[in-house]
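Colleague: Need the 3D shape of this:
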Amino acid sequence: MVSYQALFTSEEDWFIITFPDFGWGVSNGQGEEDSLSMAQDLLHSLLREEIRLGNDLPVPRRYCGAGYRNITLPVVESAKVELYQAVRASDLSRGQLAKRLGTPVAELNRLVDLKYKSRFSKIEEVLLALGKRVVLTVEDAA
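Modeller: A predicted model of the protein is given here:
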């Protein structure tokens, strides 16, 4: 699963939320629950914009301190991010990959866009075409 650490800075009953690995973007939330939701929305937006721009994604680092919280994307969004990185790491352009799969480039673009809903099986199919396999682990919650 794709996760990054967010820094929560307390301002009375509000939290200012940033992701140091990105160096841009800020959000806020009132209270713990709202702030965690806002952090996940911010992470979604940061990753979506980096993908839209075709940028390399920052490598998640570990930070120490009471203000840091690990924010994890949902499974399908995590798979989309992993697919984006696999496509970038391959020797294939999106056009070449789409041709190999017999699918329009627009469909491949939607598979890596966090805005669009995608079937997990389709993401897995493209990852397999890139020589990757999906491994899913289920663990007890905290």
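Colleague: Specify the local secondary structure of Arg69.
Modeller: Using DSSP: H, G, I helix; E, B strand; the rest coil, the structure places Arg69 in strand.
Colleague: Name all residues that make contact with the nearest residue to it once chain neighbours are set aside.
Modeller: Closest residue to Arg69 apart from its sequence neighbours, by CB to CB, 6 or more residues apart in numbering: Ala6 at 5.4 Å. Just so you know, the C-beta spots here come from the backbone N, C-alpha and C atoms, and that holds for glycine as well. Ala6 sits next to Ile17, Thr18, Phe19, Ala39, Leu42, Leu43, Tyr68, Arg69, Asn70, Ile71 when contact means CB atoms under 8 Å, 6 or more residues apart in numbering.
Colleague: For the closest residue to Ala86 other than its chain neighbours, give me the pLDDT.
Modeller: Using CB to CB, 6+ apart and skipping the chain neighbours, the partner closest in space to Ala86 is Leu130 (4.8 Å). You'll see Leu130 listed with a pLDDT of 94.
Colleague: Backbone torsions only: list them for Leu130.
Modeller: phi -90, psi 10 (degrees, to the nearest 10).
Colleague: my read: it touches Arg100, true?
Modeller: No. Between Leu130 and Arg100 there is no contact under CB atoms under 8 Å: 9.6 Å.
Colleague: which stretches of this protein form strands?
Modeller: Secondary structure of the chain, counting by DSSP state E: strands at 3-11, 14-18, 27-30, 68-72.
Colleague: highest average neighbour count across those strands?
Modeller: Comparing these by mean neighbour count (mean count of other CB atoms under 10 Å), strand 14-18 ranks first with a mean of 20.
Colleague: can you redo the contacts of Ala6 as a markdown table with pLDDT and distance to Arg52?
Modeller: A markdown table is the format used below for those (pLDDT from 0 to 100; distance: CB to CB, whole Å):
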| residue | pLDDT | distance to Arg52 |
| --- | --- | --- |
| Ile17 | 97 | 21 |
| Thr18 | 97 | 20 |
| Phe19 | 98 | 17 |
| Ala39 | 97 | 20 |
| Leu42 | 98 | 15 |
| Leu43 | 98 | 15 |
| Tyr68 | 97 | 27 |
| Arg69 | 96 | 26 |
| Asn70 | 96 | 24 |
| Ile71 | 97 | 20 |
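Colleague: Fine by me, thanks again.
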